[in-house]
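> Take this sequence and fold it.
(2 chains)
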Amino acid sequence: MRFVDEFRDADKAHALAAKIAALCEPGRSYKFMEVCGGHTHTIYKHGLEDYLPEAITLVHGPGCPVCVIPMGRVDDAMHLAARPDVIMTSFGDMMRVPGSNGSFFDAKASGTDIRMVYSPLDSLKIARQNPDRQVVFMAIGFETTAPSTAMTMLRAAAEGISNFSVFCNHVTIVPAIKAILDSPDLRLDGFLGPGHVSTVIGCRPYEFIARDYHKPVVVAGFEPLDILQSIYMLLRQLAEGRSAVENQYSRVVPWNGNVVALKAIGETMELRPYFEWRGLGFISHSALRVREKYAAMDAERLFSVPGVRVADPKACQCGEVLKGVLKPWECKVFGTACTPETPIGTCMVSPEGACAAYYNYGRMNRNRVPEAAPAGQS
Amino acid sequence: MTAGSGWIDEALREHDHGQRPENPDGRPSLPVTDREQQVLDRIDRARRRRPRVREERITMSHGAGGKATQTLIEAVFLDAFRNPLLEPLEDAAELRVPGPRDAPGTVKGTGARLALTTDSYVVSPLFFPGGNIGDLAVNGTVNDLSVSGATPMYLTAGFILEEGFPVADLIRLAASMRDAAAAACVSIVTGDTKVVQRGKADGCYINTAGVGVLAGDVSLGVAAARPGDAIIVSGPVGDHGITIMLARGELDIEADVVSDTAPLNGLVADLLAAVPGVRAMRDATRGGVATILNEIARAADVGVLVVEDDIPVRAEVRGACELLGIDPMYVACEGRMVAVVPGESAAAAVRALRAHPLGADAAVIGQVVADQPGMVRLKTSFGGTRIVDLLVGDPLPRIC
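Numbering: from 1, shown residues only, chains lettered A, B, ... in the order given. Got it, this is the predicted structure:
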């Protein structure tokens, strides 16, 4: 398959793996955070860790849209969905996220009108077909998906559709990265920057990481070779004593981002003063809400939502996993009480969640590359 | 008590109950690899526990053929109906009926051995490229009998029709079923018709049951898989599922694929004739090849190691799966089977399958291994290794 197979070439991977192993200083260990859940998924789906020396640890970051939604917001969405005049529409990822009273799937099985969509435009289509019902789109995601929500709102406004609204849970990545950098729990050597977020916001927003925190950042693509190459680029910066923002994903990511997309977001949405993230707590200016001008499309203004803060189940350690402090398997309930079929925390739900990726793909004995592994260890 | 909080509390209680002792400071001091291995062992034990349905209501996942389906079958149906014939949970049950000693398929003194199976069809849309719900209903049941090693003989057909369903469509479906039955050399010998009010069903659902005769001493079952055995698929996987998905027209993706729905009895007969000692066969319907590999690993308590590059997948199917974020190994086929044969017979088995038009692209995709029993591992095209687990959730509802 063109544009895919090139980036999954095992020969090139072997060559890169050798270069990576050669760049590792003996006796030094490296911790790199892949910010984006898409990277986590790729790492496990392709068995990428098989190519890495034991000295390199990949720490899974907070960039999983479904994972960071706190339980209170799920309950708010469920409250909206339960209204008889509402058709709730949601991406498939969100359907299995547990709220305090079960997931969208559970509610759907009990008769609540919740429909899975592949794009917010599908929600708009449902709104056209059901003029007597309010169609609410459960908007989640980072800057990657915010433009499609924004463009849909603009389309709805242009067509004069009055029964479409958005329950806006869009979040922004940079404040989350900053929160992790400021957290004392974790020592990181560098970041694999989020590729698809960067197609929208560009690479400039990460410059503070290199400048103020002296950590290298490489904006990385999502195919396995992209990630290996990005790890190599991080190691090279460290070996050369540099910290800079580099763009490995230049075939897709323009340095300055996508102005059209940013304008659409800016037109329809504005920063919230603060927003609660699962595990990371309240982070100021870290999420988007619908602008006053589009109040008629803001589900939070149209309908009252409880807006209650709901604590996670006490055994759930998604927060620690999202911050990269715990590996998925270090969570107390991982794989026993919390599994993909009966998830307790969000990280076990989304395919981009670190726990789901590890459970589904990585839960096994793994032999790391022999060059760097101590003798006799598997 | 609500669905959500209820099972969480219960799961946590269960978890606390079976908990290993931890260091008082909460930080176990074992090296990381050992600690990780402990967790993996604990998960393995948890997975082998008796399954329980935690949901209060049926969700679409219960019909997807993956983890939830398996749990439902074992916790509800197997629990209620438990008997030695049902327990192996094979595609068809093997029955012995006392009969005249000269009847076909008779082992001396024991009577005839029959295979019995049933399957319901709810595919949407009813007509799709390469077939319709009618030939699917015949082929599916023929295949369940065939892969159990039986020669399919007689089918039943039950119809649940929605008020308002066009009679012309029903005539087309019946004609397709007649043709499919003729192609598979079976007869549809009894049936049933029910009609429900408009809105209480979706056009037409079909149930078929089938009886076949098990010849000689043929006895197949995935529990018979042994380390060293080869795993073979009879052709490209995922054609049916992707065809249905695209035929619904909800995705705005077009691709030149047609369903692979076909009767497998000819192919199976050729394989059994050419290769003695075939351990097991399964047709890769809901849940796809990945589900069958997991069934083998679990039933025989062996490891399964497959090679991504060796699994035949059409370029169109791969492309559509890539766009949809679906793994073709989980996508349903309706005319493909997975066979487990002793390692030394692998080449002969592939030769026999390739000699049949339905097996032209047959290939060895992996092997049964002794290590990591119960687990299916995949050597990825990229050169890494990962797990292939049972399907969770339902990416493609109502595929058959």
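
> Please give me every residue in contact with B:S259.
Neighbour list for B:S259: B:F128, B:P129, B:G130, B:G131, B:L136, B:D239, B:H240, B:T243, B:I244, B:E334, B:G335 [criterion: C-beta atoms under 8 Å, 6 or more residues apart in numbering or on different chains]. In short, each C-beta sits where N, CA and C put it, glycine included.

> where's it relative to B:M337, distance?
15 Å (C-beta to C-beta, to the nearest Å).

> Show me what from the stretch 201-350 of chain B comes close to chain A.
For the stretch 201-350 of chain B, the residues in contact with chain A (C-beta under 8 Å from any C-beta of the partner chain) are B:E250, B:L251, B:A315, B:R318, B:G319, B:E322, B:G325.

> and stretch B:383-400, does that touch chain A?
Yes: applying C-beta under 8 Å from any C-beta, one finds stretch B:383-400 touching chain A at B:G383, B:G384, B:T385, B:R386, B:I387, B:D389, B:V392, B:G393, B:P395.

> ok, and the closest non-adjacent residue to the fourth one?
Okay, so that is B:R386. A:Y361 (4.1 Å; C-beta to C-beta, 6 or more residues apart in numbering or on different chains).

> just the first one next, same as before
Taking C-beta to C-beta, 6+ apart as the measure, B:G383 lies nearest to A:A10, with 3.7 Å between them; neighbours along the chain are not counted.

> My guess is that neighbour contacts B:E308. True?
No: taking contacts as C-beta atoms under 8 Å, A:A10 lies outside contact range of B:E308: 10.4 Å.

> Pull up the overlap in contacts between those two.
B:S381.

> The residue of chain B found nearest chain A - how many residues pack around it?
Nearest to chain A in chain B, going by C-beta to the nearest C-beta, is B:G384, at a distance of 2.1 Å. Using other C-beta atoms under 10 Å in any protein chain shown, B:G384 has 26 neighbouring residues.

> again, but for B:G199
B:G199: 9 neighbours (other C-beta under 10 Å).

> Okay, A:M151 and A:T89: tell me how far apart.
Separation of A:M151 from A:T89 (C-beta to C-beta) stands at 16 Å.

> Comparing the two, which shows the higher neighbour count?
The neighbour count for A:M151 versus A:T89, taken as other C-beta under 10 Å, is higher for A:T89 (27 against 19).

> The helix or strand where the more buried one lies: partners in the sheet, and parallel or antiparallel?
A:T89 is part of strand A:86-90, with elements assigned from DSSP states H and E. Take DSSP bridges as the rule and strand A:86-90 pairs in its sheet with strand A:114-116 (parallel), strand A:134-141 (parallel).

> Show me which residues of the stretch 151-300 of chain A are close to chain B?
A:P224, A:L225.

> Show me where the stretch 151-300 of chain A has its strands.
Taking DSSP state E, counting those that start in this stretch as the test, the strands found in the stretch 151-300 of chain A are A:164-170, A:190-193, A:217-219, A:245-247, A:269-271, A:274-277, A:281-284, A:288-290.

> With only the CA atoms kept, save the first one in CSV.
This points to strand A:164-170. This file holds the C-alpha atoms of strand A:164-170, laid out as CSV (Å, rounded to 0.1, in the frame of the first residue of the first chain):
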residue,chain,number,x,y,z
PHE,A,164,-27.5,21.4,15.9
SER,A,165,-25.3,22.1,18.9
VAL,A,166,-21.9,21.1,20.3
PHE,A,167,-21.0,19.9,23.8
CYS,A,168,-17.5,21.2,23.6
ASN,A,169,-14.8,19.3,25.4
HIS,A,170,-11.9,20.3,23.1
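
> Which residue is the nearest non-sequential neighbour of the spatially most central residue of chain A?
The residue lying closest to the centre of chain A (C-alpha atoms, centre = their mean) is A:C64, at 2.1 Å. Excluding the flanking residues, the one nearest A:C64 by C-beta to C-beta, 6+ apart is A:G37, at 3.1 Å.

> quick one on the thing from earlier: in terms of contact, does the residue of chain B closest to chain A touch A:A17 like I think?
No: assessed by C-beta under 8 Å, B:G384 is found out of contact with A:A17, at 10.4 Å.

> what sits in contact with each of the two?
Common neighbours of B:G384 and A:A17 (C-beta under 8 Å, 6+ apart) are A:Y51.

> neighbours around residue 183, how many?
As the question left the chain open, I've gone with chain A. A:S183 has 12 nearby residues by other C-beta under 10 Å.

> meant chain B actually
Neighbours of B:A183 (other C-beta under 10 Å): 16.

> How about the contacts made by it?
With contact taken as C-beta under 8 Å, 6+ apart, B:A183 is in contact with B:P263.

> Tell me the pLDDT of it.
Listed pLDDT for B:A183 reads 96.

> What confidence value was assigned to residue 297?
This is for chain A. 97.

> My question was about chain B, not that one.
96.

> and it, what does it touch?
So B:A297 contacts B:G303, B:V304, B:P373, B:G374, B:M375, B:V376 (C-beta under 8 Å, 6+ apart).

> Can you list the low-confidence ranges for chain B?
B:1-30, B:99-110, B:394-396 (pLDDT under 70).

> any idea how far A:F7 is from the residue of chain B closest to chain A?
14 Å.

> What of A:A82?
44 Å.

> again, but for B:N83
52 Å.

> Identify the residues contacting the strand holding A:T89?
A:77, A:80-81, A:104, A:112-117, A:120, A:122-123, A:126, A:130, A:133-138, A:303.

> Please write out the alpha-carbon positions of it in PDB.
C-alpha atoms of strand A:86-90 as PDB (Å, rounded to 0.1, in the frame of the first residue of the first chain):
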ATOM      1  CA  VAL A  86     -32.000  15.300  22.300                       C
ATOM      2  CA  ILE A  87     -30.100  13.000  19.900                       C
ATOM      3  CA  MET A  88     -26.600  12.600  21.200                       C
ATOM      4  CA  THR A  89     -23.900  11.900  18.600                       C
ATOM      5  CA  SER A  90     -20.400  10.800  19.500                       C
END
